[in-house]
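Engineer: 3D model of this:
(one chain, ligands or ions: 1)
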Amino acid sequence: MKMLNYINGTLVAPISGDYLDNTDPSTGEIFSYVPDSDERDVQLAYEAANAAFPTWSKMAKSKRSAIMMKVASLLLENLDRFAKAESQDNGKPVWLAESVDIPRAASNFEFYATAILHDSAETHEMEDVALNYTMRQPLGVVGCISPWNLPLYLFSWKIAPALASGNCVIAKPSEVTPLTAYLLSEICIEAGMPAGVLNIVHGLGPKVGEAMIVHPDIPAISFTGGTATGKHIARQAAPMFKKLSLELGGKNPNLIFADCDFEKMIKTTLRSSFANQGEICLCGSRILVEESIYTQFKERFVEEVRKLKVGHPSGDVNMGAIVSKGHMEKVQSYIELGKEEGGTVLCGGNRVYPEGYEGGFYLEPTVIEGLDYDCRTNQEEIFGPVVTIMPFKTDEEALMYANSTKFGLAATVWTSNLNRAHKVAAELHTGIVWINTWLLRDLRTPFGGVKQSGVGREGGFEALRFFTEPKNVCIKF
Ligand code: NDP
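Structural biologist: Residues are numbered from 1 along each chain as shown. Sure, this is the predicted structure:
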């Protein structure tokens, strides 16, 4: 199957006529082809988006909202098809795509389609001298670039607020997982999205992504991906004074205190370690455990990890395949590094070859102990099913370990002591803190990281603010 770009309301082949192989990570075999687009396709998309902007940005919000709600409902009507496609492209279990990824993509459209109906502007009165009101105007043609781990979930998380606030969009999914973005373009046509409002250009980051970043008339880029790519984008875009939202890597700590609800903590820690094969930027990969329960935690956690089933994503499994051969090898190299740095692999560490799918990219969930907090394994993002466990003695020591990396995306704290929960939450250098839970998201709340985990916030009205420019109008009485 050959995918196509979605430009000016129609599905079109890339100008180059070239396609890239798209591999099913559960089998290791090529199953489709994705356009190898370049700056010429981006330029076509820009022209279409620019032409659509005056009408889309001035359209009544209720009408814009209705089109986006239609996209959401068509996504849910096609849940099964989308979930299977997401799983085949990414390697994640079908049940996960069906219960999380695709419903969340629909919620993203619903959330922003309705948010704009309830948004309002500020006024600042200067007693009887003057009145200021602040308009929030769309930016024009904006760029959205997303990664492979939560393909449609993160793609729609950017596109939806951009469209809702009146912008026209050029979007690029990861070339590793383009399929649901392609299916989304079919749905947009069916939903009656006006031509040029959303354009999806497939291809490689250094070609398509780069063309978007350096395009002189795209004033804003919303990017989710690795920290190294984020740095490159910031370097390119800064001299052009573009607005940037960068959601980057993480090395998230879990702080587990002896006074926590142990059973609840174990159940959720399994999930926060290995959900989506550990390929979620929010996964807790450094598990810090209070010394008095360290042995109890270690024995029970390892026992439960050994029970996790790894296998073909269509089956009754906890973990499917790693997204690509290259990424699997990167994760394996970190397991080797962990051993070289003096760690002991308590369970996992090996490739898995499910019967009938021996060519797929499967890894065991892996737990490593005995590493220093500042070694590379504990400082660099692995982004796979690998966690380290480490004891701590005091709250201060736990916080020092937790805050020791260059990242600052999210942290999870397990404690029944309310004072400690508040104090630790305030001291953590992260954009998100979960207490006694993980990945519980209210779409109204700000989302993003500090330090090298990113710049800016997505989520709720923060995203609508990013995709609009405030303009103050001052009227003298
Ligand atoms: P990458 O940074 O490699 O790629 C992300 C996107 O950027 C892809 O679409 C990629 O294209 C594109 N890209 C690559 N090079 C360029 C360039 N020069 N100019 C413009 N675009 C470019 O990240 P991964 O896809 O490997 O995703 C994993 C990373 O994403 C992890 O570090 C993870 O932590 C992070 N992430 C962060 C989240 C957050 O909210 N903070 C959420 C989820 C993931 P292509 O792949 O097609 O070449």
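Engineer: now do the contacts for A115.
Structural biologist: A115 makes contact with 161, 164, 460-461, 464, according to CB atoms under 8 Å, 6 or more residues apart in numbering. The way it works is simple: take the backbone N, C-alpha and C, and place the C-beta from them, glycine included.
Engineer: those in helices, which ones?
Structural biologist: Among these, the members falling in helices are 161, 164, 460-461, 464 (criterion: DSSP state H).
Engineer: contacting residues for A398?
Structural biologist: Taking CB under 8 Å, 6+ apart as the contact definition, A398 lies against 255, 257, 288, 290, 392, 424.
Engineer: okay, now V455: neighbour count?
Structural biologist: 16 (other CB atoms under 10 Å).
Engineer: nearest residue to it in space, please, no chain neighbours.
Structural biologist: Excluding its sequence neighbours, the residue lying closest to V455 (CB to CB, 6 or more residues apart in numbering) is L246, at 4.7 Å.
Engineer: helix or strand for that neighbour, which one?
Structural biologist: Following DSSP states H and E, one finds L246 within strand 243-247.
Engineer: what do you get for L288?
Structural biologist: Secondary-structure element containing L288, defined by DSSP H and E: strand 284-290.
Engineer: packing partners of that strand?
Structural biologist: For strand 284-290, the contact count by 3 or more CB pairs under 8 Å, 6 or more residues apart in numbering; DSSP states H and E identifies strand 252-256, helix 262-274, helix 294-307, strand 386-392, helix 395-402, strand 410-414 as packing neighbours.
Engineer: tabulate the ones you listed (TSV), appending distance to the ligand and mean pLDDT.
Structural biologist: As requested, the helices and strands packed on strand 284-290 are exported to TSV (distance: least, CB to the nearest ligand atom, whole Å; pLDDT from 0 to 100):
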stretch	distance to the ligand	mean pLDDT
strand 252-256	10	99
helix 262-274	14	98
helix 294-307	22	98
strand 386-392	14	98
helix 395-402	17	98
strand 410-414	9	98
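Engineer: returning to that earlier point: what's the most distant pair in the ones in helices among the contacts of A115?
Structural biologist: Considering CB to CB, no two members of the ones in helices among the contacts of A115 lie farther apart than A164 and G460, which are separated by 12.1 Å.
Engineer: which one's more surrounded, the two?
Structural biologist: Neighbour comparison, A164 and G460: the larger count goes to A164, with 26 against 18 (by other CB under 10 Å).
Engineer: once you drop chain neighbours, what's closest to that one?
Structural biologist: Taking CB to CB, 6+ apart, and ignoring the residues beside it in sequence, A164 has Y112 as its nearest neighbour in space, at 3.8 Å.
Engineer: re the thing from before, quick one: the contacts of A115 as TSV, columns for pLDDT too.
Structural biologist: Putting these into TSV (pLDDT from 0 to 100) gives the following:
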residue	pLDDT
P161	98
A164	98
G460	91
F461	91
L464	96
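Engineer: beta partners of D24?
Structural biologist: E29 (DSSP bridges).
Engineer: wait, P391
Structural biologist: On DSSP bridges, the residues paired with P391 through beta bridges are V289.
Engineer: spit out the contact partners of it.
Structural biologist: 288-291, 294.
Engineer: for the strand holding L288, which outside residues touch it?
Structural biologist: 251-258, 269, 272-273, 278, 297-298, 301, 373, 378, 381-382, 386-393, 398, 401-402, 410-412, 438.
Engineer: A105 and V201, how far apart?
Structural biologist: From A105 over to V201 the distance is 19 Å, taken as CB to CB, to the nearest Å.
Engineer: M212 too?
Structural biologist: With distances taken as CB to CB, M212 is found 8 Å from V201.
Engineer: please apply the same query to P253.
Structural biologist: 37 Å.
Engineer: tell me the residues of the stretch 101-250 of the chain that contact the ligand?
Structural biologist: Along the stretch 101-250 of the chain, the residues adjacent to the ligand under the rule CB under 6 Å from any ligand atom are 145-149, 154, 172, 174-176, 204-206, 209-210, 213, 224-226, 229, 232-233, 247-250.
Engineer: for ChimeraX, what selects the buried ones among these?
Structural biologist: Buried residues among these (16 or more other CB atoms under 10 Å), as a ChimeraX selection:
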select :145,146,147,148,149,154,172,174,175,176,204,205,209,210,213,224,225,226,229,232,233,247,248,249,250
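Engineer: return the subset of the residues of the stretch 101-250 of the chain next to the ligand lying in helices.
Structural biologist: Applying DSSP H to these, the entries found in helices are 154, 210, 213, 229, 232-233.
Engineer: quick one: contacts for the most centrally placed residue in the chain?
Structural biologist: Centroid-nearest residue in the chain, with CA atoms, centre = their mean: L154, separated by 4.7 Å. Residues in contact with L154, defined by CB under 8 Å, 6+ apart, are 146-147, 224.
Engineer: could you dump the residues you listed into JSON lines with distance to L308 and pLDDT added?
Structural biologist: Listed next are these as JSON lines, based on distance: CB to CB, whole Å; pLDDT from 0 to 100:
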{"residue": "S146", "distance to L308": "28", "pLDDT": "98"}
{"residue": "P147", "distance to L308": "24", "pLDDT": "98"}
{"residue": "T224", "distance to L308": "27", "pLDDT": "98"}
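Engineer: okay, I159: pLDDT?
Structural biologist: The model reports I159 with a pLDDT of 98.
Engineer: what's the burial count for it?
Structural biologist: I159 is flanked by 29 other residues according to other CB under 10 Å.
Engineer: next one: V450
Structural biologist: Under the neighbour criterion other CB under 10 Å, V450 is assigned a count of 15.
Engineer: and the strands in the stretch 101-250 of the chain, which stretches?
Structural biologist: Under the criterion DSSP state E, counting those that start in this stretch, strands of the stretch 101-250 of the chain are mapped to 123-126, 130-138, 141-145, 168-172, 198-200, 220-224, 243-247.
Engineer: which strands or helices does the longest one pack on?
Structural biologist: By that I understand strand 130-138. When contacts are defined as 3+ CB pairs under 8 Å, 6+ apart, strand 130-138 sits against helix 39-58, strand 123-126, strand 468-476.
Engineer: mean neighbour count added to these, as a markdown table?
Structural biologist: Below are these laid out as a markdown table (neighbours: other CB atoms under 10 Å):
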| stretch | mean neighbour count |
| --- | --- |
| helix 39-58 | 19 |
| strand 123-126 | 11 |
| strand 468-476 | 12 |
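Engineer: so which of those gets nearest D80?
Structural biologist: Shortest separation from D80 across those is recorded for helix 39-58, at 30.0 Å, computed as CB to CB.
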